[in-house]
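Asker: pasting the sequence and the predicted coordinates here, then a few questions.
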Amino acid sequence: MTELRSPLHDEHVALGASLTAFAGWQMPLRYTSDLAEHTAVRTAAGLFDLSHMGEIAVTGPQAGAFLDLALVGNLTGLRVPGARYTMIVQPDGGVIDDLVVYRTGEEEYLVVANASNHDVVLTELRERAAGTGLDAHVVDRSAATALVAVQGPRALDVVEALAGLTADPAGPADVSPATLRYYACLPMQFEGAPVLVARTGYTGEDGFEFFVDAAGAPALWRALLAAGADHGIVPAGLSARDSLRLEAGMPLYGNELDRTTTPHDAGLGRVVKLDKVDADGAPLPFVGRDALAARAHSAPARVLVGLQGLGRRAARHGYDVLASTQPDAPVVGTVTSGAPSPTLGYPVAMAYVTPEMSAEGAELAVDVRGRREPVRVVPLPFYRRPR
């Protein structure tokens, strides 16, 4: 099967990126070194190509009502323009994908799905729309849309220095990138073409994401690099993005989230809005509601925790978590993500463990290729940016 290429593929090649296969795409893994790119995002700014993500438009007079039925969140309550983290689940509550939904107009939403789940989310939304009979239309805009992100403490400086970025005449007059709240978005123009600017990200830092027509992405990419030249910006690849999101305690689909996991299992029960009601005031029967209501009021079988490595060897996805370093210690969980933390200087991991082993400060162990490495349960996230 032929791998898809980002609209920015030639830019990555020109910058000497190491490319890798990811979710059916050929994407930059790194440009220089993982450590340099990670550190730049924590101290200055990094520029990411996220064009492999899926962008699915949902439009129509009843678009919001449809999304309230299809997803676990309250989308009709989302301001215009605004953004919300949410999920699409199976009837049994298992997570199909975690999503960010942008409301770009009274009857217009943009659903952003993970690259690996684009096809299944698109299919689910189309099937669910057909089943409701509501006036809502699902259109895949992924191929026509590029997504570029600037992340880091100097992200706002970069955006404010971006030549060619101007206000949208039809947009709100009292909002700018500097006044944009976290998890909000703003229609703007870049070199006269529409661009949606969102104050969102996946690194734990302040940042902005730009949704732009694919044909205009190279010009935007180059302009952002130029705007950030005096602010320490570097292009950053998938490897740095993963270590950054791990430090920030953000879930990755396929690791912390999957179809066997409910939002509550992952400590994300807050995104499930069981209080949604229909026009008659009755509980809204969104997909998965009954299962998630039951899960919300039951004792968990497993708990997602943070683990601080007390040695030098890092736990990795799939490694067993043990009750102690003793030879006969039982398995009490599984690591979902793990790596050395460049920012903190010690290994960190997320893992699902049994409830009795989930208390903060609990001393456990991880089987790292046959060696029992000591770890301690710590709160998530591992890293919080200075305010």
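Answerer: Structure's in. What do you need?
Asker: tell me which stretches of the stretch 251-387 of the chain form helices.
Answerer: Along the stretch 251-387 of the chain, counting by DSSP state H, counting those that start in this stretch, helices occupy 289-296.
Asker: tell me who's in contact with the closest residue to Asn74 other than its chain neighbours.
Answerer: Spatial nearest neighbour of Asn74, excluding adjacent residues (Cβ to Cβ, 6 or more residues apart in numbering): Lys273 at 4.5 Å. All C-beta spots, glycine's among them, are computed from the backbone N, C-alpha and C. Residues near Lys273 by Cβ atoms under 8 Å, 6 or more residues apart in numbering: 72-74.
Asker: what's the spacing between Lys273 and Gly318?
Answerer: 33 Å (Cβ to Cβ, to the nearest Å).
Asker: am I right that Asp230 falls within a helix?
Answerer: Yes. Counting by DSSP: H, G, I helix; E, B strand; the rest coil, Asp230 is found in a helix.
Asker: for it, give its distance to Gly131.
Answerer: 53 Å.
Asker: neighbours of Pro285, how many?
Answerer: By other Cβ atoms under 10 Å, the residues close to Pro285 number 11.
Asker: wait, doesn't it sit right on Pro91?
Answerer: No. Contact status for Pro285 versus Pro91: not in contact, 10.6 Å apart, counting by Cβ atoms under 8 Å.
Asker: got the buried residues for stretch 242-258?
Answerer: 242-253, 255-257 (16 or more other Cβ atoms under 10 Å).
Asker: list of residues touching it?
Answerer: 34, 38, 41-42, 87, 94-95, 97-98, 114, 116-117, 151, 202-205, 266, 268, 304, 306, 317, 336-339, 341-344, 348, 350, 380-383.
Asker: pLDDT at Leu344, what is it?
Answerer: Here, the pLDDT recorded for Leu344 equals 97.
Asker: nope, Met1 is what I was after
Answerer: Confidence score, pLDDT, at Met1: 61.
Asker: next: the one 3 residues further on.
Answerer: Per-residue confidence for Leu4 comes out at a pLDDT of 96.
Asker: who does it bridge with?
Answerer: Bridge pairing for Leu4 (DSSP bridges) gives the partners Trp25.
Asker: before we move on, what about Val139?
Answerer: Residues in beta-bridge contact with Val139 (DSSP bridges): Ala57.
Asker: doesn't Gly60 make contact with it?
Answerer: No. Using Cβ under 8 Å, Val139 makes no contact with Gly60, being 10.3 Å away.
Asker: higher neighbour count, those two?
Answerer: Ranked by neighbour count (other Cβ under 10 Å), Val139 and Gly60 place Gly60 first, with 17 against 12.
Asker: what about the more buried one, distance to Arg79?
Answerer: 19 Å.
Asker: for Ala36, same thing?
Answerer: 38 Å.
Asker: between these two, who's got more neighbours?
Answerer: Comparing Ala36 with Arg79 by other Cβ under 10 Å, the one with more neighbours is Ala36, at 15 against 11.
Asker: helices of the stretch 51-200 of the chain, residue ranges please.
Answerer: Under DSSP H, counting those that start in this stretch, the stretch 51-200 of the chain gives helices at 63-70, 118-132, 155-160.
Asker: for Arg371, find the nearest of these.
Answerer: When the helices of the stretch 51-200 of the chain are compared by Cβ to Cβ, helix 118-132 sits nearest Arg371, at 38.2 Å.
Asker: and that closest one with helix 63-70, angle?
Answerer: Interaxial angle of helix 118-132 relative to helix 63-70 (axes from the mean of the first three to the mean of the last three Cα atoms, to 10 degrees): 100 degrees.
Asker: hang on, the earlier thing: could you dump the contacts of Lys273 to TSV with neighbour count and pLDDT?
Answerer: Formatted as TSV, the contacts of Lys273 follow (neighbours: other Cβ atoms under 10 Å; pLDDT from 0 to 100):
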residue	neighbour count	pLDDT
Val72	28	98
Gly73	23	98
Asn74	18	97
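Asker: what is the nearest of the residues you listed to Glu209?
Answerer: Of these, the one sitting nearest to Glu209 (Cβ to Cβ) turns out to be Gly73, at 18.9 Å.
Asker: ok, and the closest non-adjacent residue to Gly269?
Answerer: Here the residue nearest Gly269, using Cβ to Cβ, 6+ apart, is Pro263, at 5.5 Å.
Asker: contacting residues for the one you found?
Answerer: Pro263 neighbours (Cβ under 8 Å, 6+ apart): 72, 87, 89, 93, 95, 269, 271-272, 292.
Asker: change it to 10 Å
Answerer: 72, 86-87, 89, 93-95, 98, 251, 257, 269-272, 288, 292, 295-296 (Cβ atoms under 10 Å, 6 or more residues apart in numbering).
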